[in-house]
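[1] Just to be clear, the model below is a prediction. Sequence and coordinates:
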Amino acid sequence: MSVRPWIVDDGLWTLIEPLLPPWPQKAPGPKPVDDRLCLQGILYVLYNDVSWQLLPLELRFGSGQTCWRRLGRWHEADVFEKLHRILLAELHAAYALDWTRACVDASHIRAKKRGEATGPSPVDRGKTGSKHHLICDGKGTPFKVITTAANVNDVTQTLALVDGIPPVAGKPGRPRRRPDALLGDKGYDSNPNRRELRRRRILPVISRKGAPNIKGLGKLRYVVEQTFSLLHHFKRLAVRWERRLDLHDALVARACGLICWRRLKKVCP
């Protein structure tokens, strides 16, 4: 990894730049800060978990307020979600996605400023938190992350995660959206969900409560724990500071795109 991972290289910028909404040609006020510099300011906050107000001006990324506003503007234009889909398609074209199975799991994070999708943590009811629900492919590439309050049961998000997998192009024919199987622990034990998964032609491989774990399931599901480790390596996501859920989810989508970009560079250097 680069010593300064928030610096956007030319290859990544080539993919992002066409997705950015254009500025009006005769917009009032001073000339906006360069988009690439603002993006690097956003990534600096994402990696280092500094408050927007403390973004170092000497880095010339613009003020924290400018970067914060640009994050909201780009989220409204679905920039980071579109980038994530493009990178998934590139990985799919390079045969770097494992569709034989997908894995689901959830992870708690502290929510320092409360806000939408926060609630009492099951671990410590006196603290407010959120929960990241994740579905990834058999190699740990993130497909979808949903943020909920910390006290939301994992099983309630199973179908939302499966249906949230974006259509992944990259090969001839219709884009793919369904894995062959879905792997989950006992927190996802639900007969109605099993029926819905089978209706979607997905084999549910989910341990049942009160019964021994499915043999070998843990060895196949370890990738989702690795993906959570990668996701929360972005310090701004390990603890939630954004009161606005849309901005938190924008940072999550950006992190998922960066994870995909790293994997793409490994298979297509």
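    Arrived safely.

[2] got the end-to-end distance for stretch 181-196?
    End-to-end span of stretch 181-196 (C-alpha to C-alpha, to the nearest Å): 13 Å.

[3] Give me the contact list for it.
    Identification of contacts with stretch 181-196 by C-beta atoms under 8 Å, 6 or more residues apart in numbering yields 100-106, 153-155, 158-159, 162, 197, 202-209, 213, 217, 220-221. Every C-beta, even on glycine, is put in place using the N, C-alpha and C of the backbone.

[4] Show me how to select, in PyMOL, the buried members of those residues.
    Only the buried entries of the contacts of stretch 181-196 go into this PyMOL selection, using 16 or more other C-beta atoms under 10 Å:
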select buried, resi 101+102+103+104+105+106+154+155+158+159+162+197+202+204+205+206+207+217+220+221
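
[5] so of the contacts of stretch 181-196, which ones are in helices?
    Secondary structure of these is defined by DSSP state H; positions in helices are 158, 159, 162, 197, 217, 220, 221.

[6] closest to residue 144 among these?
    Nearest to residue 144 out of the ones in helices among the contacts of stretch 181-196 is residue 162 (C-beta to C-beta; 8.5 Å).

[7] Could you list which residues are in contact with that closest one?
    Under the criterion of C-beta under 8 Å, 6+ apart, the neighbours of residue 162 are 102, 135, 178, 182, 197, 200, 202.

[8] Not counting its own residues, what contacts whichever helix or strand residue 75 is part of?
    With elements taken from DSSP states H and E, the one containing residue 75 is helix 64-76. Around helix 64-76, the neighbours that count as contacts under C-beta under 8 Å, 6+ apart are 20-21, 33, 35, 38-39, 41-42, 45, 51-55, 61-62, 80, 246-247, 249-251, 253.

[9] and it, what's its mean pLDDT?
    Helix 64-76 carries an average pLDDT of 95.

[10] CA-only coordinates of that helix in CSV, if you can.
    What follows is helix 64-76, C-alpha atoms only, in CSV (Å, rounded to 0.1, in the frame of the first residue of the first chain):
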residue,chain,number,x,y,z
GLY,A,64,-13.1,20.1,5.4
GLN,A,65,-16.5,21.8,4.9
THR,A,66,-15.8,21.9,1.1
CYS,A,67,-14.9,18.2,1.1
TRP,A,68,-18.0,17.4,3.2
ARG,A,69,-20.3,19.2,0.8
ARG,A,70,-18.7,17.5,-2.2
LEU,A,71,-19.2,14.1,-0.5
GLY,A,72,-22.9,14.9,-0.2
ARG,A,73,-23.2,16.2,-3.8
TRP,A,74,-21.5,13.0,-5.2
HIS,A,75,-23.6,10.8,-3.1
GLU,A,76,-26.8,12.3,-4.5
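
[11] That helix: what's the following helix or strand?
    Following helix 64-76 in sequence, per DSSP H and E, is helix 79-93.

[12] Can you point out the buried residues in that next one?
    By neighbour count, and taking 16+ other C-beta under 10 Å as the criterion, the buried residues in helix 79-93 are 79-92.

[13] who does that helix touch, helix- and strand-wise?
    Judged by 3 or more C-beta pairs under 8 Å, 6 or more residues apart in numbering; DSSP states H and E, helix 79-93 is in contact with helix 10-16, helix 245-267.

[14] Now mean neighbour count and distance to residue 225 too, for those helices, in CSV please.
    Output for those, formatted as CSV (neighbours: other C-beta atoms under 10 Å; distance: least, C-beta to C-beta, whole Å):
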stretch, mean neighbour count, distance to residue 225
helix 10-16, 14, 26
helix 245-267, 20, 14
